[in-house]
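# Starting from these lines, generate the structure:
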Amino acid sequence: MDAPGINGIVETAVYVDDFASAHDFYGELLGLRRVVEGERMHGYDVGPNQMLLVFRRGVCREDVESPYGMVPGHSTDGPSHFAFAISRSALIEWREYLEEKKVALSSEVRWPQGGVSLFFHDPFGNVVELATPGLWPNYQD
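Got it, this is the predicted structure:
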């Protein structure tokens, strides 16, 4: 029997030390709309059916009982990585915007399938990537 199929990624998580600094970066700098704000986690709307979950480092290691069911504990050690999708036409605008905001690029990669990725860090060392179509065989125009 084959797996029934996956329809995409609903959420990606990063761990931070300070929600205010995280919001300055994800909400203000990157322009994501915060749609959930709690003691353990803030959630940002990344696009249709996609969320970036920003957890306070260290507070989510234990299981948590909620009125809706138990949420298993989770954490990471060290920086994490994730990529936001951007259009090819927005690449130059993003490069200029990040430079204007004094966000240093760690790297710019031109992938064999034609995609381009801009890499930089959030205030907590997480690696943020802005990637155009052509990064992966299943991420094309």
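# got the buried residues for the longest helix seen in the chain?
Identified as the longest helix of the chain according to DSSP state H is helix 91-100. Neighbour counts over helix 91-100 (16 or more other Cβ atoms under 10 Å) mark 91, 94, 98 as buried. Where you see a C-beta, it was placed from the backbone N, CA and C, and this is true even at glycine.
# Parallel or antiparallel, list what pairs with the helix or strand following that helix.
Using DSSP states H and E, the helix or strand that follows helix 91-100 in sequence is strand 107-110. When sheet partners are counted by DSSP bridges, strand 107-110 sits next to strand 116-121 (antiparallel).
# Which residue ranges of this structure form helices?
Using DSSP H, helices in the chain cover 19-23, 91-100.
# nearest to residue 70, of those?
Comparing the helices of the chain against residue 70 with Cβ to Cβ, the closest turns out to be helix 19-23 (24.0 Å).
# So which bits of that closest one are buried?
Buried, per 16+ other Cβ under 10 Å, within helix 19-23: 19, 22, 23.
# got the contact list for that helix?
16, 34, 42, 54, 56, 122, 123, 124 (Cβ atoms under 8 Å, 6 or more residues apart in numbering).
# Next, format these as CSV and append pLDDT, neighbour count and distance to residue 8.
As requested, the contacts of helix 19-23 are exported to CSV (pLDDT from 0 to 100; neighbours: other Cβ atoms under 10 Å; distance: Cβ to Cβ, whole Å):
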residue, pLDDT, neighbour count, distance to residue 8
16, 96, 21, 24
34, 98, 16, 21
42, 97, 22, 22
54, 97, 27, 20
56, 94, 17, 26
122, 97, 21, 23
123, 96, 14, 28
124, 95, 17, 26
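# Would you list the strands that the worst-scoring helix or strand of the chain on mean pLDDT pairs with, along with their directions?
Lowest on mean pLDDT, DSSP states H and E among the helices and strands of the chain sits strand 64-66, with a mean of 89. Each strand paired with strand 64-66, and its direction, by DSSP bridges: strand 69-71 (antiparallel).
# State the mean pLDDT of the strand it pairs with.
Per-residue pLDDT over strand 69-71 has a mean of 92.
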